[in-house]
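> let me see the structure of the following:
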Amino acid sequence: MKLRGYRSSHRPLLTGTWLPGELLGLPLADWPALADPTTVPPPGEDTGELCVVPDTGFVRYHAIDWVHRRARLEIGLRPDAVHAAAPLLTAAVEHGLSVLNLRRLYGWVTPATQPPTDALTDAGFRTEASVPGAIWLDGRPAERHIWGVTRND
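Residues are numbered from 1 along each chain as shown. Reported below is the predicted structural model:
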């Protein structure tokens with residue numbers, strides 16, 4: 001899977017029914033009917049790097065710290081592209097660590113949504129911390145975990 005640069009024609013990929021800021025943003029099946037979808041802003045000044053896989057989803061390297069070479073990773077997938085989660089995550093890690101020359105990638109994972117953590121561990125991510133009440137989900141605070149991968153060289 002190859003990541004491409006963002007173009008304005010890719011704008012529909014930036015809106016979906018995943019949790020905001022999620023490391024592996026899979027569409028939620030029980031998204032509330034009256035809830036606004038999550039929207040990621042198109043790239044702008046100092047917003048990080050935004051890459052897409054047309055007709056599949058996006059990868060966003062947010063809050064890039066070029067001095068310490070780390071970034072928060074967010075991924076969003078279209079409902080018909082859930083099967084591409086593992087290869088997209090692997091491509092995102094490879095691009096971040098090799099092409100962008102970052103040393104660390106990290107992101108939010110919400111256990112209540114039951115994400116496929118095997119895809120995360122296969123891509124090199126490990127659980128680093130737990131944050132109770134980090135997000136509001138299903139009418140109550142929900143725990144989020146921080147997962148990270150580090151390039152050791």
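> any idea of the pLDDT on Asp46?
We have a pLDDT of 65 for Asp46.
> swap in the one 4 residues further on?
Here, the pLDDT recorded for Leu50 equals 91.
> quick one: contacts for it?
Contacts for Leu50 were tallied using Cβ atoms under 8 Å, 6 or more residues apart in numbering; they are 6, 40, 42-43, 58-61. Bear in mind the C-beta positions are built from the backbone N, C-alpha and C, glycine included.
> got a ChimeraX select line for the buried ones in those?
Typed into ChimeraX, the next command selects the buried ones out of the contacts of Leu50 (criterion: 16 or more other Cβ atoms under 10 Å):
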select :6,40,58,59,60,61
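> need the contacts of Leu50 in TSV with pLDDT and secondary structure, can you?
Output for those, formatted as TSV (pLDDT from 0 to 100; DSSP: H, G, I helix; E, B strand; the rest coil):
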residue	pLDDT	secondary structure
Tyr6	87	coil
Val40	89	coil
Pro42	84	coil
Pro43	81	coil
Phe58	94	strand
Val59	95	strand
Arg60	94	strand
Tyr61	95	strand
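> not counting residues beside it along the chain, what's closest to Ala142?
Ala112 (4.8 Å; Cβ to Cβ, 6 or more residues apart in numbering).
> and the gap between the one you found and His95?
Remark: distance between Ala112 and His95 (Cβ to Cβ, to the nearest Å) = 29 Å.
> same question, Asp138
In terms of Cβ to Cβ, Asp138 sits 33 Å off from His95.
> and for Tyr61?
Using Cβ to Cβ, one gets 8 Å for the distance from Tyr61 to His95.
> surely the residue nearest to Ala142 forms part of a strand?
No. Counting by DSSP: H, G, I helix; E, B strand; the rest coil, Ala112 is not part of a strand but helix.
> that one touches Leu137, doesn't it?
Yes. If you go by Cβ atoms under 8 Å, Ala112 and Leu137 touch, sitting 5.8 Å apart.
> looking at Ala112 and His95, which is more packed in?
His95 (20 against 13; other Cβ atoms under 10 Å).
> by contact count, what packs against the lowest-mean-pLDDT helix or strand in the chain?
Ranked by mean pLDDT, DSSP states H and E, the helix or strand of the chain with the weakest confidence is strand 4-5, at a mean of 88. For strand 4-5, the elements it packs on are strand 49-53, judged by 3 or more Cβ pairs under 8 Å, 6 or more residues apart in numbering; DSSP states H and E.
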